[in-house]
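Visitor: Mind looking at a prediction? Sequence and model below.
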Amino acid sequence: MEWKLTDGRPIWVQLHEQLRQRIATGAYPRGSRMPSVRELAAEAGVNPNTMQRALAQLEADGLVSTNRTAGRTVTEDGVVLSRICIELANERIREYLHSMALLGFTKDEAVELLKKWEE
């Protein structure tokens, strides 16, 4: 999978967001073993300590758990996964409304455009 890292924001935050997205979309299915810190760091081209920080935040979010013998696994908790999906959807909605506001549309106008597009 491709990693998209940009300047201006901490790398570990970007990694956390992308890993969270991958878990939410099933790229890392519930209950599955996550790749090791070193594997993920090499894949993303970052320092293992930076990747470790992103993974530690995933654990704090309840999305992964660490088992000393099995490594990290993705949660099987459907409530946690649903919450993350809703959070991601809300982020996309905010981005959409912000973009539409920059174009001069009100929130109601932006929603109406979506309804028309759906038809």
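Guide: Right, received. Where do you want to start?
Visitor: Off-centre distance for the host helix or strand of residue 96?
Guide: Assigned by DSSP states H and E, residue 96 falls within helix 78-102. For helix 78-102, the separation from the chain centroid amounts to 11 Å (computed by CA atoms, centre = their mean, to the nearest Å).
Visitor: Pretty sure residue 11 sits against residue 3.
Guide: No: using CB atoms under 8 Å as the test, residue 11 is too far from residue 3 to be in contact (9.7 Å). Every residue, glycine included, has its C-beta placed from N, CA and C.
Visitor: Between the two, which is the more surrounded one?
Guide: Counted by other CB atoms under 10 Å, residue 11 and residue 3 do not tie: residue 11 has more neighbours, with 19 against 14.
Visitor: quick revisit: just checking, what packs against the helix holding residue 96?
Guide: In terms of contact count using 3 or more CB pairs under 8 Å, 6 or more residues apart in numbering; DSSP states H and E, helix 78-102 is assigned the packing partners helix 11-24, helix 107-118.
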